[in-house]
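Engineer: Pasted the sequence and its predicted model underneath.
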Amino acid sequence: MRNLATQQEPIYEWKPESDNQIVGDKYKNEKNSLYPLQSDRPLQRNDAVWFISPCKSYGCWILNKSKKKFVVVSNHTNIPEQGWSENVYKSPYPLHNHNSPLAAASRLAWYVDEEGFGQYVMLINGEIATFTSKKPKNWRMLKCRKEEEKS
């Protein structure tokens with residue numbers, strides 16, 4: 001199906017759930033999937049690595065744009081520094097499962113920004129299409145106010 005406004009083929013088109021397919025993609029079905037051990041589709045970019053959770057129940061691409069490429073993960077605490085949303089926190093890799101359907105799981109990446117805060121993003125044709133939670137411009141100021149109110 002062609003989009004007449006842009007004269008381009010759609011990026012993807014969902015088929016019935018029983019097929020577990022995306023039209024025009026090489027993803028076939030659940031029994032052919034190697035996820036989470038490896039992505040079911042190539043990424044089309046060279047600045048990411050495939051991550052598999054320690055429990056081997058989920059995987060995603062890692063895109064690290066942080067100034068610090070190596071991050072110390074403390075053994076003294078299991079609670080990372082919280083960001084502007086519940087699932088945004090300082091971590092070089094995700095600490096929670098994205099719980100995405102198999103057809104979309106290989107399109108997800110853990111994006112670590114310049115300050116070291118990570119969140120899931122959706123990749124389409126190798127580009128970031130959506131963020132889980134956009135960073136508010138004044139989120140640091142709001143965070144300071146909340147901490148002052150707790151004191």
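Structural biologist: In hand now; what should we look at?

Engineer: hang on, residue 141 in a helix?
Structural biologist: Yes - counting by DSSP: H, G, I helix; E, B strand; the rest coil, residue 141 is located in a helix.

Engineer: That one: how many residues sit nearby?
Structural biologist: When neighbours are counted by other Cβ atoms under 10 Å, residue 141 registers 9. Quick note: C-beta positions are derived from backbone N, CA and C, even for glycine.

Engineer: Run through the strands of the protein in chain order.
Structural biologist: Counting by DSSP state E, residue ranges of the strands within the chain are 48-52, 59-64, 89-90, 108-112, 117-124, 127-131.

Engineer: Now render the ones you listed as a markdown table, adding distance to residue 99, mean neighbour count and mean pLDDT.
Structural biologist: Output for the strands of the chain, formatted as a markdown table (distance: least, Cβ to Cβ, whole Å; neighbours: other Cβ atoms under 10 Å; pLDDT from 0 to 100):
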| stretch | distance to residue 99 | mean neighbour count | mean pLDDT |
| --- | --- | --- | --- |
| strand 48-52 | 16 | 15 | 95 |
| strand 59-64 | 11 | 22 | 96 |
| strand 89-90 | 17 | 18 | 92 |
| strand 108-112 | 10 | 23 | 96 |
| strand 117-124 | 10 | 20 | 94 |
| strand 127-131 | 16 | 12 | 90 |
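
Engineer: Quick one: closest of those to residue 141.
Structural biologist: Of all the strands of the chain, it is strand 117-124 that lies closest to residue 141, at 15.8 Å by Cβ to Cβ.

Engineer: tell me what the closest one is packed against?
Structural biologist: Contacts defined by 3 or more Cβ pairs under 8 Å, 6 or more residues apart in numbering; DSSP states H and E place strand 117-124 against strand 59-64, strand 89-90, strand 108-112, strand 127-131.

Engineer: what angle sits between the last one and strand 59-64?
Structural biologist: Strand 127-131 runs at 100 degrees relative to strand 59-64, counting by axes from the mean of the first three to the mean of the last three Cα atoms, to 10 degrees.
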